[in-house]
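Novice: What follows is a protein structure lacking sequence information:
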């Protein structure tokens with residue numbers, strides 16, 4: 001298995017509030033672990049929220065005695081949410097801090113995914129398929145049929161998310177179990193990529209013959225060329 005992670009501040013932000021973690025080695029009872037988080041909050045709160053959440057989640061995974069990946073992820077997410085809420089209560093500067101969170105674990109031909117917020121996981125084999133569903137206001141409008149998918153990318157409310165770590169005492173992630181094919185590639189990313197680069201453009205890069213490092217570099221470069229309005233983070237995995 002190969003994996004490559006890349007995060008970039010973009011062209012219009014002074015601080016990178018994204019945080020990524022990628023390892024093909026075991027973490028606790030998980031055989032590998034991949035996480036993308038996009039923090040939110042004023043001052044340094046967003047930066048702290050994403051980093052704190054990823055590290056708290058990892059520590060919880062390391063201490064888990066369960067052998068079931070979904071149980072391990074679920075317990076770690078709940079614990080991380082509790083700890084983030086505690087941290088937010090310690091300072092007025094941290095009030096309202098939170099983060100998106102998408103995590104993936106691969107067992108042989110099966111991939112287990114948990115998602116909160118609008119950071120995404122895509123499966124790229126014969127075509128690009130979005131596995132996660134955005135927890136956002138515009139996604140709800142798309143599902144209700146009041147907004148089409150292409151217009152959602154530029155809608156003024158595209159950054160309004162409806163679920164996040166730290167957003168409520170009880171946070172409910174979506175869980176997915178995906179079958180992986182021999183030629184499958186996995187892309188995890190923040191909205192700094194997907195708001196700047198279309199799915200068709202992402203599909204073109206992911207289906208190319210470059211190695212995963214060059215693919216990640218290309219995606220970040222394209223997001224910056226199209227404005228780089230937000231921090232950009234990607235993880236590409238070759239199972």
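Specialist: Now that the structure is in, tell me what you want to look at. Note that this is a predicted model, so its numbers are computed, not measured.
Novice: Report how many residues lie close to residue 25.
Specialist: 9 (other Cβ atoms under 10 Å). Placement of C-beta: from N, CA and C, glycine included.
Novice: got the phi/psi numbers for it?
Specialist: With angles defined as degrees, to the nearest 10, residue 25 sits at phi -100, psi 160.
Novice: How about residue 237?
Specialist: Torsion angles, degrees, to the nearest 10, at residue 237: phi -120, psi 130.
Novice: Could you find the closest non-adjacent residue to it?
Specialist: residue 186 (4.1 Å; Cβ to Cβ, 6 or more residues apart in numbering).
Novice: now do residue 78
Specialist: residue 171 (7.5 Å).
Novice: tell me the contacts of that neighbour?
Specialist: Contacts for residue 171 (Cβ atoms under 8 Å, 6 or more residues apart in numbering) come out as 77-78, 81, 116, 163-165.
Novice: out of these, which is most surrounded?
Specialist: residue 165 (30 neighbours).
Novice: Now do the residue nearest to residue 78 against residue 115, distance only.
Specialist: Counting by Cβ to Cβ, to the nearest Å, the separation of residue 171 from residue 115 is 11 Å.
Novice: Distance from the chain centre to stretch 137-144, please.
Specialist: 19 Å (Cα atoms, centre = their mean, to the nearest Å).
Novice: So the residue nearest to residue 78: helix, strand or coil?
Specialist: State at residue 171, reduced to three classes by DSSP: H, G, I helix; E, B strand; the rest coil: coil.
Novice: what does residue 54 give?
Specialist: Once three-state DSSP is applied, residue 54 turns out helix.
Novice: could you pull out the helices for this structure?
Specialist: 45-63, 69-88, 137-144, 149-152, 191-194, 199-206, 212-225 (DSSP state H).
Novice: which helices and strands sit right next to the third one?
Specialist: With contacts defined as 3 or more Cβ pairs under 8 Å, 6 or more residues apart in numbering; DSSP states H and E, the packing partners of helix 137-144 are helix 149-152.
Novice: Mind checking the pLDDT average for the helix it packs on?
Specialist: Mean per-residue pLDDT for helix 149-152: 69.
Novice: go on, stretch 228-239?
Specialist: On average, stretch 228-239 scores 96.
Novice: in that stretch, what's buried?
Specialist: Buried residues in stretch 228-239, counted by 16 or more other Cβ atoms under 10 Å: 228-237, 239.
Novice: do the same with stretch 58-72
Specialist: Buried residues in stretch 58-72 (16+ other Cβ under 10 Å): 58-61, 64, 66, 69-70, 72.
Novice: same thing with stretch 30-44?
Specialist: In stretch 30-44, counting by 16+ other Cβ under 10 Å, buried: 30-41.
Novice: Stretch 124-136 too?
Specialist: For stretch 124-136, by 16+ other Cβ under 10 Å, it's 124, 128, 131-132, 134-136.
Novice: Where does pLDDT dip in the protein?
Specialist: Applying pLDDT under 70 to the chain flags the ranges 42-43, 149-153, 156-158.
Novice: thought residue 223 was touching residue 191?
Specialist: No: here residue 223 lies out of contact with residue 191, judged by Cβ atoms under 8 Å, at a distance of 10.1 Å.
Novice: Have a look at the two and say which one is more surrounded.
Specialist: Higher neighbour count among residue 223 and residue 191: residue 223, with 29 against 25, using other Cβ under 10 Å.
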